[in-house]
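K.L.:
What follows is a predicted structure for the sequence shown.
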Amino acid sequence: MSDTKPSPHPGMGFGQFVALIAAMMATNALAIDSMLPALPHIGEALGVHDPNARQWVITAYLLGFGVAQLAYGSLADRYGRKPVLMVGLTLYTIFAALCAFSTSFETLLIARFLTGLGAASTRVLSVSIVRDCYAGRQMARVMSLAFIVFLATPIIAPSLGMAIMMVASWRWIFGILSIFGLIVIAWAAIKLPETQHPEDRIPISVKGVSSAFKTALTDRIAMGYTLAATLVLAGLFGFLNSAQQVFAEVLHAGDIFPLIFAGIAGTMAVSSLLNARIVDKLGMRKVSHWALIGFIVVAALHAAIAVTGHETLLSFALMQAAMMFCFGLVMSNFGAIAMEPLGHVAGAAASIQGFITTVGGALFGFLIGQLYDGTTIPLTIGFTGFGLAGLLMVLATEKGKLFQTGASSPAPAAAH
């Protein structure tokens with residue numbers, strides 16, 4: 001009798017499984033970052049004369065992405081991973097295509113919101129599918145390998161968007177997203193088996209869902225770190241909303257925007273990978289608390305540079321890169337700390353925390369973006385203010401004590 005264990009995902013080798021999970025995760029980052037260089041062209045084509053109004057292209061997607069996370073976990077527990085994933089990816093593909101054919105800004109925003117609704121399935125189900133197949137260190141290995149591939153997406157996505165516009169209309173950016181969605185649908189439909197065991201199906205009940213949500217919403221540590229993560233995330237979404245305007249109008253570097261954006265995003269990738277190496281030794285709280293303090297110090301210094309009129313392309317790139325490095329260490333651990341007390345309601349907790357951080361961060365980030373006034377002052381002050389608010393939330397959650405060794409399990413890498 002053979003000692004070889006059966007594959008947890010029959011019909012797919014380990015490498016292909018990791019690649020598919022990475023592709024699922026990449027749909028979200030592609031849908032956000034690839035359109036940043038196209039925002040002026042979209043506004044011009046659809047009659048949007050207020051540059052700040054173009055930011056709705058990002059925020060509408062994020063709102064759909066955040067809202068839908070409330071539903072996918074329960075649906076996947078009831079009906080299985082694969083059918084729910086297929087529905088979500090189909091929505092993503094259809095509405096990304098509708099974006100490409102939009103003739104009004106209102107239609108585009110509705111389609112973007114609905115694209116986000118579909119993309120949320122990949123956020124929830126990528127983790128669920130991996131959890132079905134692997135546990136412990138093996139699960140951590142799969143997620144780490146998939147995340148290495150995923151980290152490349154925000155680095156190359158703006159360059160991809162600009163490359164598309166060099167040979168075709170901005171509409172083809174959405175077309176490429178739709179085609180990518182079709183590829184992932186076909187790949188998953190043909191190769192991905194249903195990973196949930198039939199006996200693990202959980203009926204959807206209002207009482208069960210409301211009880212799990214209540215548990216997730218009333219745990220002090222879980223909610224404290226969820227709200228802190230939301231406040232810190234506001235800065236990132238504010239940056240995404242106004243990045244194209246800052247580079248083109250303030251720094252006069254629109255042509256090299258994708259290159260510098262890639263460098264800034266790359267520091268977040270480096271810190272996420274570094275976190276995996278140091279968190280076991282130092283603990284999630286010590287790493288994230290020091291990183292948050294570093295984030296605030298750099299943001300305040302950047303704000304001082306902006307307010308005194310000394311902002312340059314070099315200062316912006318260096319300060320933003322340093323903040324994103326700290327941001328990666330903060331978000332990698334805050335999410336894990338927030339989930340730690342809620343293992344018994346992990347699905348509901350992930351849904352409610354994803355909803356709060358994404359929707360809250362998107363709305364606060366939109367506020368930062370709307371304050372754009374032709375300088376980097378609103379952005380840098382927004383980073384500083386929301387960073388301080390996040391630190392105050394952590395202090396309140398931890399009853400005034402920072403750097404405690406309250407958790408020792410390794411944290412996953414962060415993603416937007």
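P.N.:
Here it is on my side, so go on.
K.L.:
ranges for the helices of the chain?
P.N.:
For the chain, helices defined by DSSP state H occupy the ranges 14-33, 39-45, 56-79, 81-100, 105-133, 136-167, 171-191, 206-218, 220-245, 257-282, 284-307, 313-339, 346-370, 377-397.
K.L.:
Lowest average confidence across these, which one?
P.N.:
The weakest mean pLDDT among the helices of the chain belongs to helix 136-167, with a mean of 77.
K.L.:
Check the gap between residue 53 and residue 342 for me.
P.N.:
39 Å (CB to CB, to the nearest Å). Every C-beta, even on glycine, is put in place using the N, C-alpha and C of the backbone.
K.L.:
nope, residue 60 is what I was after
P.N.:
In this structure, residue 60 and residue 342 are separated by 30 Å, where distance is defined by CB to CB.
K.L.:
if we can go back for a sec, can the helices of the chain go into TSV with extra columns for mean neighbour count and distance to residue 403?
P.N.:
Listed next are the helices of the chain as TSV, based on neighbours: other CB atoms under 10 Å; distance: least, CB to CB, whole Å:
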stretch	mean neighbour count	distance to residue 403
helix 14-33	21	31
helix 39-45	18	41
helix 56-79	22	31
helix 81-100	21	39
helix 105-133	23	28
helix 136-167	18	24
helix 171-191	18	42
helix 206-218	15	26
helix 220-245	24	15
helix 257-282	19	9
helix 284-307	21	5
helix 313-339	23	12
helix 346-370	22	23
helix 377-397	21	11
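K.L.:
Tabulate the ones you listed (a markdown table), appending distance to residue 199.
P.N.:
Supplementary listing: the helices of the chain in a markdown table, determined by distance: least, CB to CB, whole Å:
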| stretch | distance to residue 199 |
| --- | --- |
| helix 14-33 | 23 |
| helix 39-45 | 49 |
| helix 56-79 | 12 |
| helix 81-100 | 15 |
| helix 105-133 | 13 |
| helix 136-167 | 20 |
| helix 171-191 | 23 |
| helix 206-218 | 17 |
| helix 220-245 | 29 |
| helix 257-282 | 34 |
| helix 284-307 | 34 |
| helix 313-339 | 25 |
| helix 346-370 | 16 |
| helix 377-397 | 38 |
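K.L.:
The ones you listed: which one's closest to residue 197?
P.N.:
When the helices of the chain are ranked by distance to residue 197, counting by CB to CB, first place goes to helix 105-133 at 7.9 Å.
K.L.:
Report the angle between the closest one and helix 14-33.
P.N.:
Between helix 105-133 and helix 14-33, the angle formed by their directions is 160 degrees, by axes from the mean of the first three to the mean of the last three CA atoms, to 10 degrees.
K.L.:
contacts for stretch 318-333?
P.N.:
Identification of contacts with stretch 318-333 by CB atoms under 8 Å, 6 or more residues apart in numbering yields 229, 232-233, 235-236, 239, 263-265, 267-272, 274-275, 279, 284-285, 287-288, 291-292, 294-295, 298-299, 301-302, 305, 380, 383, 390, 411-414.
K.L.:
separation between the closest residue to residue 51 other than its chain neighbours and residue 268?
P.N.:
With CB to CB, 6 or more residues apart in numbering as the measure, residue 245 is the residue that lies nearest to residue 51, at 5.7 Å, once sequence neighbours are left out. Taking CB to CB as the measure, residue 245 falls 21 Å from residue 268.
K.L.:
sorry, back to before: nearest approach to residue 198 belongs to which of the helices of the chain?
P.N.:
That would be helix 56-79 among those, by CB to CB, at 11.1 Å.
K.L.:
what packs against the closest one?
P.N.:
Under the contact definition 3 or more CB pairs under 8 Å, 6 or more residues apart in numbering; DSSP states H and E, helix 56-79 sits against helix 14-33, helix 81-100, helix 105-133, helix 220-245, helix 346-370.
K.L.:
switch to 6 Å and redo it
P.N.:
Under the contact criterion of 3 or more CB pairs under 6 Å, 6 or more residues apart in numbering; DSSP states H and E, the helices and strands touching helix 56-79 comprise helix 105-133, helix 346-370.
K.L.:
could the ones you listed go into a markdown table alongside distance to residue 162?
P.N.:
As requested, the helices and strands packed on helix 56-79 are exported to a markdown table (distance: least, CB to CB, whole Å):
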| stretch | distance to residue 162 |
| --- | --- |
| helix 105-133 | 19 |
| helix 346-370 | 20 |
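K.L.:
Nearest to residue 97, out of these?
P.N.:
helix 105-133 (8.6 Å).
K.L.:
okay, the angle between the closest one and helix 56-79?
P.N.:
40 degrees.
K.L.:
Neighbour count: residue 53 and residue 342, which is higher?
P.N.:
residue 342 (20 against 13; other CB atoms under 10 Å).
K.L.:
what residues are up against that one?
P.N.:
Contact partners of residue 342, counting by CB atoms under 6 Å, 6 or more residues apart in numbering, are 216, 222, 349.
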